[in-house]
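> give the three-dimensional model of this entry:
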Amino acid sequence: MIPTLHTDRLILRAPEARDFEVFAAFYGSDRSSFVGGPLTRSAAWRMLAMEAGHWQIAGFGRWILEAQDSGETVGLVGMFAPEGWPEREIGWDLFGHHTGKGYATEAALAARGYAYDTMGWDTAISLIAPANTASMAVASRLGAVYERDYQHETHGLLQLWRHPAPAQLATDTNHRRTA
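Below is the predicted model:
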C-alpha cells in the first residue's frame, strides 16, 4: 500500500492511470532530458508503470504530486533506488508550468522526512545532471551538498548530492525535517 502524504499545498499520492497524459507530455518534452527523456508515449507508459511498481518491489518509491487547490498533477517526488543507482535517492521532477513555485522543495522535504522517520534511512542522495541548475538549487535549499561525480550507464555523468543525515537535521534550524 502506497501511503498518502500532505504538505501545505500538495498531496503526495500513488501514481494512477489518470496521471498518464501529464506524465506522457512531460516525458515527451525536452524538459525531461535531465531524467532520461524525451520518451515515446509507450515508453512513458512503461515509466509510469515502473514508478508504481517500484513501491511493490522496493517497499518505497516516488509519489505523484497533486496540487491541493486545483487537483492538477504537478510532478513526481520521492524515494528512488532502481538497479544501477549508487544509493537510495530523493528525487523530484516537476511537470509543465509548475516550476518556480517551491513545489519540489516542499515535496522533497516531506519525502525525505518519510524516508528518515518512517523508513529508517540514515542517509540519502540526489543524482543531478550537471546542467540542471534548477535541481541543484532545490538540493541546496534542502541542505544537500555536492559530493562527487557519478557515471551512470544510461544517463551518463551525474552529480551526487548528499543530504544531511537525520541527526544533523535535528540540530539544523535552516533545513527542516519536513515541510
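
> using CSV, write down the CA coordinates of the biggest helix by length in the chain.
Looking only at the chain and at elements set by DSSP state H, the helix with the highest residue count is helix 41-58. What follows is helix 41-58, C-alpha atoms only, in CSV (Å, rounded to 0.1, in the frame of the first residue of the first chain):
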residue,chain,number,x,y,z
ARG,A,41,4.2,7.6,-25.3
SER,A,42,4.6,3.8,-24.9
ALA,A,43,8.0,4.3,-23.1
ALA,A,44,6.3,7.0,-20.9
TRP,A,45,3.6,4.5,-20.0
ARG,A,46,6.3,2.0,-19.0
MET,A,47,8.0,4.7,-16.9
LEU,A,48,4.7,5.4,-15.1
ALA,A,49,4.2,1.6,-14.5
MET,A,50,7.8,1.4,-13.2
GLU,A,51,7.1,4.2,-10.7
ALA,A,52,4.1,2.3,-9.4
GLY,A,53,6.0,-1.0,-9.4
HIS,A,54,9.0,0.5,-7.6
TRP,A,55,6.8,0.6,-4.5
GLN,A,56,5.9,-3.1,-4.8
ILE,A,57,9.4,-4.2,-5.4
ALA,A,58,11.4,-1.9,-3.1
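
> list the strands paired with the following helix or strand past that helix, with their directions.
Where DSSP states H and E defines the elements, the next helix or strand beyond helix 41-58 is strand 62-67. The partner list of strand 62-67 in its sheet, established with DSSP bridges, is strand 10-13 (antiparallel), strand 73-80 (antiparallel).

> deepest of those, which one?
Highest mean neighbour count among these (mean count of other C-beta atoms under 10 Å): strand 73-80, with a mean of 26. C-beta here means a position set from N, CA and C on the backbone, and glycine is covered the same way.

> could you point out which element follows that strand?
Past strand 73-80, further along toward the C-terminus, the next helix or strand under DSSP H and E is strand 89-94.

> buried ones in that following strand?
Residues 89-94 are the ones in strand 89-94 that count as buried (16 or more other C-beta atoms under 10 Å).

> does T73 touch A25 like I think?
No - at 10.1 Å, T73 and A25 do not qualify as touching, with contact defined as C-beta atoms under 8 Å.

> touching both of the two, which residues are there?
F95 (C-beta atoms under 8 Å, 6 or more residues apart in numbering).

> just checking, what packs against the longest helix of the chain?
In this structure, helix 41-58 makes packing contacts with helix 20-27, judged by 3 or more C-beta pairs under 8 Å, 6 or more residues apart in numbering; DSSP states H and E.

> identify the residues contacting the helix it packs on?
Outside helix 20-27, the residues within contact range by C-beta under 8 Å, 6+ apart are 15, 32, 37-39, 41, 43-45, 47-48, 72-73, 76, 93, 95-96.

> repeat that with 6 Å
32, 37, 39, 41, 44, 47-48, 73, 95 (C-beta atoms under 6 Å, 6 or more residues apart in numbering).
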